[in-house]
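**Student:** My questions are about this predicted structure, shown below with the sequence.
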Amino acid sequence: MLKPFEKIVFIKDTNAVKADLTRHYAGIFSKYVRPLIEDRKVFVVQAADLGIYGEGLVIKIWPNNIYYANVKEEDIAEIVERSIVGDEVVDRLAFSPDAKQVRVVLRNCGVIDPEEIDEYLARDGYAAVEKVLSSMSPEDVIEELKKSGLRGRGGGGFPTWMKWNFARNVQSDQKYIICNADEGDPGAYMDRSVLEGDPHSVIEGMIVGGYAIGASKGYFYIRAEYPLAIERVQRAIDQAYEYGLLGEDILGSGFSFDLEIRLGAGAFVCGEETALIASIEGKRGTPRPRPPYPSIKGLWGKPTVINNVETLANVPVILSRGGDWFSTIGTETSKGTKVFALTGKVRNSGLIEVPMGTTLREIVMKVGGGVVGGKKIKAVQTGGPSGGVIPENLLDTPVDYENLRRLGSIMGSGGMIVMNEEDCMVDIAKFYLKFCVDESCGKCAPCRIGGYQLLGLLEKITMGEGEEEDLEKISLICQAMQKASLCGLGQTAPNPVISTMRYFREEYEEHVKEKMCRSGKCKRLIRYEIIQEKCVRCGMCYINCPVEAITGSKAKGFVIQQDKCVKCGKCYEVCKFGAILIGSKEPVEHRI
Amino acid sequence: MAKQLTEDQLKELVESVVDRWGGRPDALIMMLHAIQDEFGYIPRRVSLYLSQKTGIPLAQIYEVITFYHLFRTSPPGKHKISVCMGTACYLKGAPQIVEKLKEILEIKEGESTPDGLFQLETVRCLGCCGLAPVVMIDDKVYGKVNPEKIMDILAQYTKEQDSK
Amino acid sequence: MARMKLEDLRRKREELKARSKETNYIKVGMSTCGLAAGAQETYDIFKEEIERLGLDIKLKKCGCLGMCFAEPLVEVALEGLPTVIYGKVDVATAHRIVDEHICSKRIVNDHVYELHIKE
């Protein structure tokens, strides 16, 4: 049996963007401790990521859990002497990594085997059900939720206790609770991860909710595009039935609750409450006007509470640890944590959970490790197709429901997309709008026609045919859609357009007036040119141009004929020497 | 995938689906999912038989089929290529992948190749944004795809077909 | 397992808690994103190697660990070594983890990812 090392040193250059000096530093460190390595006293590891960014050379020593940051080469000898040979801490270099992430919703994700109910039980699973059924009245449960300050995580941010209380107070022979897992926002996958990683916590939340409002039946509405989530939730439901946590007379308490899965079928609008209800009833998922709200008249005309996956996953923790504890996390108006799917041009894309009130900049820089390739961050988009962009200069805003709304975005379900200089804001607005236009159910005119017209105008602008009055028209259509659409989809569909116009109006104007796209995204507005100084005359662009827009010869060099060029980008793709320039502005003399 | 069934087999299949859900109108979407899982699409004669068995009007069945993107009324290709058009994938080059696929397969989105081998679809976020851009072929997800890589991936499927 | 009453649940949970403090496991993140990045292949390698070498290590599955950029993710807890999360564990890296981490008690270079999380 090999003797384990007494100490292990993890080394990482946390400034690394392009050139990573980790190996270099590890080499130096190893030189100092070579004899100790041979005695199996210490082992040096080059880490890939220590969860710390922009703090220079970081060294972590196990088992003492000492962290050093911004270490210089000349400090290494001292660290070895005092902390490796000895057991002291070099105070001037000591660093305490600040845990930005707090896991409440994701407490079990990545920890337990989601297919084993026993592993969930061992992590205090179903303790909330136990507590609620043995010692709390439905009113107590709602009171505890009120204390916690939990608000809906699906986007709107409506206080969960109020929703439950409305349904509780309606007299009815049958009530329902629905888990909305129709996560359709592009760029968001929190719900999928929770359902795949910890399905029992959501089931537990639903049982508690059913008890609180007096429902004996619950539905999981899961999008059919998530086969693994469906499989794991079904398995979890089966296990819960087997253990007596679902069905008749749960745990001998007299409370009965049944749970069933219903699948979506690829309609984004079904995330909207009333459309979702129609879909569970087996109909087309078209929304209806509210009121009456589902809490009063929902599924089959009965009082129905619809909660999002993340909201429900919070419920068991609130009941087991108390609403007071939960309300210590977060800001004045937004309690608890929020899970975000951090993606786009961020270095470490992933699923993160931070306390409400964390700033966007902290999320991108400290949790996400900054922008890819060290490029400049341009904006962060939250709330998906119903949200908006937040420009770089406002990134120090603490994230909560009110702040995001004030900035013209929304919390949404938790997609957070980082954009850099390469992203065109008009193009982004067009992308999101296209999504909503495709997904419009067609029932009401402002959404169906307004969306289509708005998209037409944006397309015109990105094609370089925009006129100045188009910008005015865009604003008018946006207002009409916001005010007159029937449901949330149509009302929020113009948000990405409004917010990009608010913060990046100059980009719209450039597209319209100067026929230019500064990011090079809008193909019709860019031009390709050969940089003669870099060109080695290999002729690859000449051979590959599909429209013979490149003329010349290996002897004389090559030129792109702008009038023939279709801007397919083929020459740029095949050039191995970086000799093709993407210019975003057409020189004046070339203009027609 | 798409199956050729005799009239009796087809009826038996529809009946088992109807039995499982008690023929309840609210389970229409679930029944359609079960049928599509078997056939790869929802053939008209199946809809007709389903209507007869459950009493749900054919018009209502079609109303639902045509509303939801996932339901198909024509047979799919052997391999379904789904290019993710979620935001992260879009930003990281999914449109170029679609262009490439259209070019080499000579079909548009939603169509199948004449030999029935491939069907091209663009889909909403597949939830693998960390691996963007993502392409899913049948149930297998390929991450960090680019126009060159997609050629290699497709080649595996055509090779497999040729060797049969 | 028969349907439980309140006290059965309590007892069962205590039993499970007492049992759950084990080390010596390899845990593979197997959600959609992990599987897309090749977690099944990684899992299979560990399974084969554990059997082949007769190792006393439990192989487990878990959901998303959050660091999607570094999938497939594998957590290794072995007595006498810090519990580490390895990222980008392809087939070759899985073999290295078995050879170096499990058999030689040395942490594998360039694949350690650390998260700072408060629970």
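**Tutor:** Here it is on my side, so go on.
**Student:** shaky segments in the chain?
**Tutor:** Just so you know, I chose chain A. Low-confidence segments of chain A, defined by pLDDT under 70, span residues A:1, A:17-18, A:584-592.
**Student:** You answered for a different chain; I wanted chain C.
**Tutor:** For chain C, counting by pLDDT under 70, the residues that fall below are C:1, C:119.
**Student:** could you pull out the strands for it?
**Tutor:** C:25-29, C:58-62, C:74-77, C:84-86, C:112-113, C:117-118 (DSSP state E).
**Student:** Which stretch among those strands approaches chain B most closely?
**Tutor:** For chain B, the closest of the strands of chain C is strand C:25-29, at 11.5 Å, according to C-beta to the nearest C-beta. Where C-beta positions appear, they are placed from N, C-alpha and C, glycine not excepted.
**Student:** Need the residues that contact that closest one.
**Tutor:** A:110, C:34, C:39, C:42-43, C:46, C:50, C:57-65, C:71-77, C:97, C:102 (C-beta atoms under 8 Å, 6 or more residues apart in numbering or on different chains).
**Student:** Filtering those residues by proximity to chain B, which remain?
**Tutor:** Among the contacts of strand C:25-29, proximity to chain B is found for C:Glu71 (C-beta under 8 Å from any C-beta of the partner chain).
**Student:** hmm, which of the contacts of strand C:25-29 are the buried ones?
**Tutor:** Among the contacts of strand C:25-29, those classed as buried by 16 or more other C-beta atoms under 10 Å in any protein chain shown are A:110, C:34, C:39, C:42-43, C:46, C:50, C:57, C:60-65, C:71-77, C:97, C:102.
**Student:** Helix or strand with the lowest mean pLDDT in chain B?
**Tutor:** helix B:87-91 (a mean of 80; mean pLDDT, DSSP states H and E).
**Student:** anything in that one near chain A?
**Tutor:** Yes: among the residues of helix B:87-91, B:87-88, B:90-91 lie within reach of chain A under C-beta under 8 Å from any C-beta.
**Student:** Let's have those in a markdown table, adding neighbour count and distance to chain C.
**Tutor:** Formatted as a markdown table, these follow (neighbours: other C-beta atoms under 10 Å in any protein chain shown; distance: C-beta to the nearest C-beta, whole Å):
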| residue | neighbour count | distance to chain C |
| --- | --- | --- |
| B:Thr87 | 29 | 14 |
| B:Ala88 | 30 | 10 |
| B:Tyr90 | 25 | 17 |
| B:Leu91 | 27 | 15 |
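**Student:** can you tell me which two in those residues are farthest apart?
**Tutor:** B:Ala88 and B:Tyr90 (7.2 Å; C-beta to C-beta).
**Student:** Between these two, which contacts overlap?
**Tutor:** Residues within reach of B:Ala88 and of B:Tyr90 at once, by C-beta under 8 Å, 6+ apart, are A:Pro186.
**Student:** hmm, back to that, out of the strands of chain C, nearest to A:Thr22?
**Tutor:** Closest approach to A:Thr22 among these is made by strand C:112-113 (10.9 Å; C-beta to C-beta).
**Student:** Mind giving me the packing neighbours of the closest one?
**Tutor:** strand C:84-86 (3 or more C-beta pairs under 8 Å, 6 or more residues apart in numbering or on different chains; DSSP states H and E).
**Student:** what about the strand it packs on, distance to the chain center?
**Tutor:** 9 Å (C-alpha atoms, centre = their mean, to the nearest Å).
**Student:** Which residue comes closest to the residue in the stretch 101-250 of chain A positioned nearest to chain C once chain neighbours are left out?
**Tutor:** In the stretch 101-250 of chain A, the residue that lies nearest chain C is A:Gly197 (2.0 Å; C-beta to the nearest C-beta). Once flanking residues are discounted, A:Gly197 sits nearest to C:Gly63: 2.0 Å by C-beta to C-beta, 6 or more residues apart in numbering or on different chains.
**Student:** mind listing the helices for chain B?
**Tutor:** Applying DSSP state H to chain B gives helices spanning B:7-20, B:28-39, B:44-54, B:58-67, B:87-91, B:94-105, B:147-162.
**Student:** which residues sit against the fourth one?
**Tutor:** Residues external to helix B:58-67 that are found in contact with it (C-beta under 8 Å, 6+ apart): A:267, A:282-286, A:441, B:28-29, B:32, B:42, B:47-48, B:50-51, B:71, B:73.
**Student:** Alpha carbons only: can I get it in CSV?
**Tutor:** Output in CSV follows, covering the C-alpha atoms of helix B:58-67 (Å, rounded to 0.1, in the frame of the first residue of the first chain):
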residue,chain,number,x,y,z
LEU,B,58,-60.8,14.4,-36.0
ALA,B,59,-60.8,18.1,-36.4
GLN,B,60,-59.9,18.5,-32.7
ILE,B,61,-57.1,16.0,-33.1
TYR,B,62,-55.7,17.9,-36.1
GLU,B,63,-56.1,21.1,-34.3
VAL,B,64,-53.8,19.8,-31.6
ILE,B,65,-51.3,18.1,-34.0
THR,B,66,-50.8,21.2,-36.0
PHE,B,67,-50.5,23.5,-33.0
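**Student:** Flag every buried residue along it.
**Tutor:** B:60-62, B:64-65, B:67.
**Student:** So what are the structural domains in chain B, by residue number?
**Tutor:** B:7-67, B:79-162 (automatic domain parsing).
**Student:** who's in contact with A:Val418?
**Tutor:** For A:Val418, the contacting residues are A:342-346, A:364, A:368, A:371, A:377, A:380, by C-beta under 8 Å, 6+ apart.
**Student:** repeat that for 10 Å
**Tutor:** By C-beta atoms under 10 Å, 6 or more residues apart in numbering or on different chains, the contact set of A:Val418 is A:342-347, A:349, A:360, A:363-364, A:368, A:370-372, A:377-381, B:88, B:91.
**Student:** quick one: which of the residues you listed sit in helices?
**Tutor:** Taking DSSP H as the definition of helices, those contribute A:360, B:88, B:91.
**Student:** So what's the residue count around residue 19?
**Tutor:** Using chain A. As a burial measure, A:Ala19 scores 8 neighbours (other C-beta atoms under 10 Å in any protein chain shown).
**Student:** nope, chain C
**Tutor:** By the criterion of other C-beta under 10 Å, C:Arg19 has 10 neighbours.
**Student:** wait, doesn't it sit right on A:Asp118?
**Tutor:** Yes: using C-beta atoms under 10 Å, C:Arg19 makes contact with A:Asp118 at a distance of 8.9 Å.
**Student:** Please report phi then psi for A:Ile59.
**Tutor:** phi -130, psi 130 (degrees, to the nearest 10).
**Student:** Quick one: residues contacting it.
**Tutor:** A:Ile59 is in contact with A:9-12, A:25-26, A:29, A:44, A:47, A:50, A:66-69, A:71, A:75-76, A:79, A:83, A:90, A:93, A:95, counting by C-beta under 10 Å, 6+ apart.
**Student:** Just give the nearest non-adjacent residue to it, would you?
**Tutor:** The shortest distance from A:Ile59 to any non-neighbouring residue, by C-beta to C-beta, 6+ apart, is to A:Tyr68 (4.4 Å).
**Student:** I'd say the one you found and A:Arg92 touch.
**Tutor:** Yes: in this structure, A:Tyr68 is within contact of A:Arg92 by C-beta under 10 Å, at 9.5 Å.
**Student:** Looking at the two, which is more packed in?
**Tutor:** Each of A:Tyr68 and A:Arg92 has its neighbours counted (other C-beta under 10 Å); A:Tyr68 has more, 24 against 9.
**Student:** got the residues of chain C near chain B?
**Tutor:** C:31-38, C:64, C:66-71 (C-beta under 10 Å from any C-beta of the partner chain).
**Student:** picking up where we left off before, isn't the residue of the stretch 101-250 of chain A closest to chain C right next to C:Cys64, touching?
**Tutor:** Yes: using C-beta under 10 Å, A:Gly197 makes contact with C:Cys64 at a distance of 4.9 Å.
**Student:** quick one: common contacting residues for those two?
**Tutor:** Common neighbours of A:Gly197 and C:Cys64, counting by C-beta under 10 Å, 6+ apart, are A:106, A:109-110, A:114, A:351, C:29-31.
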